[in-house]
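A.B. asks: Coordinates only, no sequence provided:
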């Protein structure tokens, strides 16, 4: 099941609507201020959740009248709204998850959203944070990247732990062979796919992969 989480960060309308059109999600979860985007574009989520301290009463009232299940939380809680949304998406059987509105604004919120990607990864579900310049995901195993499915021009790799051992990159402009990627390592930044199919392989660790493009492209 394909799922889109509409989070409360910055959302570029044209990009987000194009994602909806391409993905055609079977499950939509509106999270707090992300409901403003849904309301503006007449999108009816299947679930809405959050502490709702950053949206207008008019928007919240509208969705409550649609008989959509509402999960309301106090601002003082141990998990972010995005993580709670991911937990719900996984509980409902999502097999692929897209997060919109998970970037922009406060960096602490972005870092929390990034860390939340561990949850679906640990359950074998691919989750992506998308905005108009970036596609972000976590990898815990060998991954093939068809050039035709690349987002933007650049592909960067970072470790999401102390290290990633045995990193081998093939099909890239800057190949690697059996490299140990550590936290202070910048060797994985701004690579490019040259072949029709590129591969990242590694023995252990978790890789943060960011596919990106410049704003002008």
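C.D. replies: Thanks, I have it. In this text, all values refer to a predicted model and were calculated from it rather than measured experimentally.

A.B. asks: CA atoms for contacts and neighbours, from now on please.
C.D. replies: OK.

A.B. asks: now for the lowest-mean-pLDDT helix or strand in the chain, which elements pack on it?
C.D. replies: Least confident element among the helices and strands of the chain, by mean pLDDT, DSSP states H and E: strand 70-72 (a mean of 83). Identification of packing neighbours for strand 70-72 by 3 or more CA pairs under 8 Å, 6 or more residues apart in numbering; DSSP states H and E yields strand 47-50.

A.B. asks: Quick check: next helix or strand after the strand it packs on?
C.D. replies: helix 57-65 (DSSP states H and E).

A.B. asks: List the buried residues in that following helix.
C.D. replies: Residues 59, 60, 63 are the ones in helix 57-65 that count as buried (16 or more other CA atoms under 10 Å).

A.B. asks: that older thread, can you tell me the strand partners of the least confident helix or strand of the chain and which way each runs?
C.D. replies: strand 47-50 (parallel) (DSSP bridges).

A.B. asks: Which of the residues in stretch 110-130 are classified as buried?
C.D. replies: Residues 110, 112-114, 116-121, 125-130 are the ones in stretch 110-130 that count as buried (16+ other CA under 10 Å).

A.B. asks: Pull up the distance across it, start to finish.
C.D. replies: Stretch 110-130 has an end-to-end distance of 12 Å (criterion: CA to CA, to the nearest Å).

A.B. asks: State the pLDDT value of the residue of the chain positioned farthest from its centre.
C.D. replies: Ranked by distance from the centre of the chain (CA atoms, centre = their mean), the top residue is residue 65, with 29.5 Å. Reading off the confidence values, residue 65 has pLDDT 89.

A.B. asks: same question, the one 4 residues further on
C.D. replies: If you check residue 69, the pLDDT there is 89.

A.B. asks: Distance-wise, check it relative to residue 44.
C.D. replies: 11 Å.

A.B. asks: for the protein, what spans make up the strands?
C.D. replies: Using DSSP state E, the strands of the chain run over 2-6, 27-31, 47-50, 70-72, 96-100, 126-130, 134-139, 143-146, 154-159, 163-170, 176-182, 197-201, 207-212.
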